[in-house]
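Chemist: Model the structure of this input:
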Amino acid sequence: MSRKFIKTSVFIAFSMLSIFRVNSGIMAGTNEGLTIGETVPNPEFLIQNQYEYDQIPSTKRLYDYKDGQNLLIAFMPDISTKNNYANVMTSAFDTYFAEGLAFKDPFVYDTPIYDLKVLVVTNNNGAEVKEYLSKMNIDFDMVSDINLDFANLFGITKWSSSAEGSFVYVVNKDNKITYASHDYTGEGEKLKSVQKELFSLLGINETATESFVNYRPLMPGDDARDFSFSYQNTDPYIHNPDILRDGKLSDYIGKKNVILAFYPAPFSVSCGMEVKRFDNFAAEEDFARSLTNNYGSGDDLEILMISVSNSSIIKKWKDEMGLKDIKLVSDNTGEISAMYSSYNPLGYNNRTLFLINKGGKVSYIDWNYVVDENDFAMVKEHLSNMN
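Modeler: Sure, this is the predicted structure:
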């Protein structure tokens with residue numbers, strides 16, 4: 001049985017399980033957690049944020065804290081280095097929702113004001129929370145819940161490990177839960193699902209649309225579908241590096257092979273691993289030597305990494321990741337992703353990968369690209385065969 005067949009079967013099963021988990025909130029471990037439709041409790045707690053660094057944390061009840069607004073609240077087992085997704089998850093919530101980059105157009109510097117509060121509750125002591133807020137430069141509030149007094153009221157009885165999945169809830173103005181995930185570990189798919197729910201509650205129209213032409217999935221040997229795109233420049237030596245550049249896929253015909261890599265979302269664990277791996281792939285000296293020996297020249301390959309995210313989010317992510325040699329494409333409308341059958345109606349891209357040869361033909365497709373060395377090796381092998 002081929003690896004490709006196994007991957008496809010596993011992908012279908014995993015997709016069905018993921019949809020069930022996102023919508024129903026499967027419990028993690030012994031924790032049951034509150035579910036969609038339930039009313040949240042009204043506990044009293046101490047608030048900490050980076051703007052009250054030298055002050056005593058203020059006390060609030062949850063309903064007073066919400067003050068009739070919508071709420072994104074997350075319960076985390078740990079924010080230390082023992083939790084390998086903590087920094088990515090809090091950075092995502094800060095960037096997308098507290099800072100508000102998910103809610104505004106690129107290069108619009110006045111952040112719109114929405115009826116939304118963001119609160120993270122963690123099983124760390126107050127001193128650790130204070131240090132974390134300062135280190136991460138976070139704009140949202142946090143709560144030290146060392147005895148799980150707050151968490152218990154949400155059905156979270158204990159944490160089995162520091163790396164256990166977080167409980168993430170979206171709560172509407174009427175204090176009802178409208179989104180629940182009981183095993184959130186920094187996935188881009190779940191991040192975009194939270195965004196989709198908040199857009200709905202806040203009355204924001206999704207930029208990405210599902211009303212595209214129903215494209216037939218491409219096959220190896222087909223002509224690649226041409227598209228125009230804007231991308232976040234990653235060359236630090238270019239003039240005005242923050243200005244978006246424009247391009248067309250057809251610009252590369254006769255000149256370069258192209259990798260089109262579609263991924264769910266910036267500020268997520270696997271997506272960060274993927275873009276960093278491809279950026280290193282394009283930059284490493286041994287990669288340049290292998291191009292000279294096997295593929296032609298170091299200018300023969302272009303890597304376009306595409307997500308349904310706006311360029312403001314992509315720019316911040318690019319800067320934080322230190323990316324230099326790939327092009328990060330903002331497909332905020334989802335049109336490019338739909339052309340390549342990679343757009344998921346839940347509001348993100350499935351992780352797919354296409355190799356386009358210099359003649360403009362699709363040479364290789366991975367409909368379920370896995371961020372590991374096996375799938376990466378398959379990409380490199382097909383690049384070699386293309387030449």
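Chemist: in stretch 342-360, what counts as buried?
Modeler: In terms of neighbour count (16 or more other CB atoms under 10 Å), stretch 342-360 has its buried residues at 342-344, 346-358, 360. In this view, the C-beta of every residue, glycine as well, is placed from N, C-alpha and C.
Chemist: so of the residues you listed, which ones are in strands?
Modeler: Here DSSP state E is the test, and these give 343, 344, 348, 349, 352, 353, 354, 355, 356 as lying in strands.
Chemist: and residue 199, helix, strand or coil?
Modeler: Using DSSP: H, G, I helix; E, B strand; the rest coil, the structure places residue 199 in helix.
Chemist: List the residue ranges of the stretch 201-350 of the chain that fall below the pLDDT cut-off.
Modeler: 207-213, 232-243, 284-299 (pLDDT under 70).
Chemist: now the strands: where do they sit in it?
Modeler: 228-232, 245-248, 257-262, 301-307, 327-330, 343-344, 348-349 (DSSP state E, counting those that start in this stretch).
Chemist: what about residue 59, how many neighbours?
Modeler: The local packing of residue 59 (other CB atoms under 10 Å) involves 11 other residues.
Chemist: just to revisit the earlier point, out of the ones in strands among the buried residues of stretch 342-360, flag the one nearest to residue 171.
Modeler: For those, the minimum distance to residue 171 (CB to CB) is 22.3 Å, reached by residue 348.
Chemist: For the closest one, name its beta-bridge partners.
Modeler: residue 344 (DSSP bridges).
Chemist: I'd say it and residue 266 touch.
Modeler: No: when contacts are counted by CB atoms under 8 Å, residue 348 is not listed as touching residue 266 (10.8 Å).
Chemist: Is residue 94 in a helix, a strand, or coil?
Modeler: helix.
Chemist: Against residue 127, how distant is it?
Modeler: In this structure, residue 94 lies at 21 Å from residue 127, with CB to CB, to the nearest Å as the measure.
Chemist: So which of those two has more stuff around it?
Modeler: The neighbour comparison of residue 94 against residue 127 (other CB under 10 Å) goes to residue 94, with 21 against 9.
Chemist: Show me the beta-bridge partners of the closest residue to residue 275 other than its chain neighbours.
Modeler: Among residues not flanking residue 275 along the chain, residue 305 sits closest, at 5.6 Å (CB to CB, 6 or more residues apart in numbering). Note on residue 305: beta-bridge partners by DSSP bridges are residue 261, residue 328.
Chemist: Hmm, residue 305 is touching residue 329, no?
Modeler: Yes: judged on CB under 8 Å, residue 305 makes contact with residue 329 at a distance of 6.6 Å.
Chemist: burial count for the closest residue to residue 355 other than its chain neighbours?
Modeler: Using CB to CB, 6+ apart and skipping residues adjacent in sequence, the residue nearest residue 355 is residue 364, 4.0 Å away. Residue 364: 18 surrounding residues under other CB under 10 Å.
Chemist: so who does residue 364 touch?
Modeler: Shown in contact with residue 364 (CB atoms under 8 Å, 6 or more residues apart in numbering): 220, 353, 354, 355, 379, 382, 386.
Chemist: Out of the ones in strands among the buried residues of stretch 342-360, the closest to residue 188 would be?
Modeler: The closest of these, once distances to residue 188 are taken by CB to CB, is residue 348, at 6.2 Å.
Chemist: how close does the closest one get to residue 307?
Modeler: 8 Å.
Chemist: Common neighbours of these two, please.
Modeler: With contacts taken as CB under 8 Å, 6+ apart, the residues that reach both residue 348 and residue 307 are 188, 264, 265.
Chemist: shared neighbours, residue 348 and residue 266?
Modeler: 188, 307.
Chemist: All the strands of the stretch 1-150 of the chain, residue numbers only.
Modeler: 44-47, 58-61, 70-76, 116-122, 141-144.
Chemist: ok, so of the contacts of residue 364, who is nearest residue 202?
Modeler: Scanning these for proximity to residue 202, where the rule is CB to CB, the winner is residue 353, at 33.4 Å.
Chemist: Would you mind writing the CA trace of stretch 66-75 as PDB?
Modeler: Extracted as PDB, the C-alpha positions of stretch 66-75 are listed here (Å, rounded to 0.1, in the frame of the first residue of the first chain):
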ATOM      1  CA  LYS A  66     -17.200  41.400  30.200                       C
ATOM      2  CA  ASP A  67     -19.500  44.500  30.600                       C
ATOM      3  CA  GLY A  68     -21.900  43.300  28.000                       C
ATOM      4  CA  GLN A  69     -19.200  42.500  25.400                       C
ATOM      5  CA  ASN A  70     -18.200  39.200  23.700                       C
ATOM      6  CA  LEU A  71     -15.300  37.300  25.300                       C
ATOM      7  CA  LEU A  72     -12.500  35.000  24.100                       C
ATOM      8  CA  ILE A  73     -11.300  33.100  27.100                       C
ATOM      9  CA  ALA A  74      -8.600  30.400  27.300                       C
ATOM     10  CA  PHE A  75      -7.600  28.100  30.100                       C
END
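Chemist: how close does the residue nearest to residue 146 when sequence neighbours are not counted sit to residue 119?
Modeler: Using CB to CB, 6+ apart and skipping the chain neighbours, the partner closest in space to residue 146 is residue 125 (5.3 Å). Distance, residue 125 to residue 119, using CB to CB: 18 Å.
Chemist: likewise residue 373?
Modeler: 38 Å.
Chemist: Repeat that for residue 375.
Modeler: 37 Å.
Chemist: Alright, that wraps it up for me.
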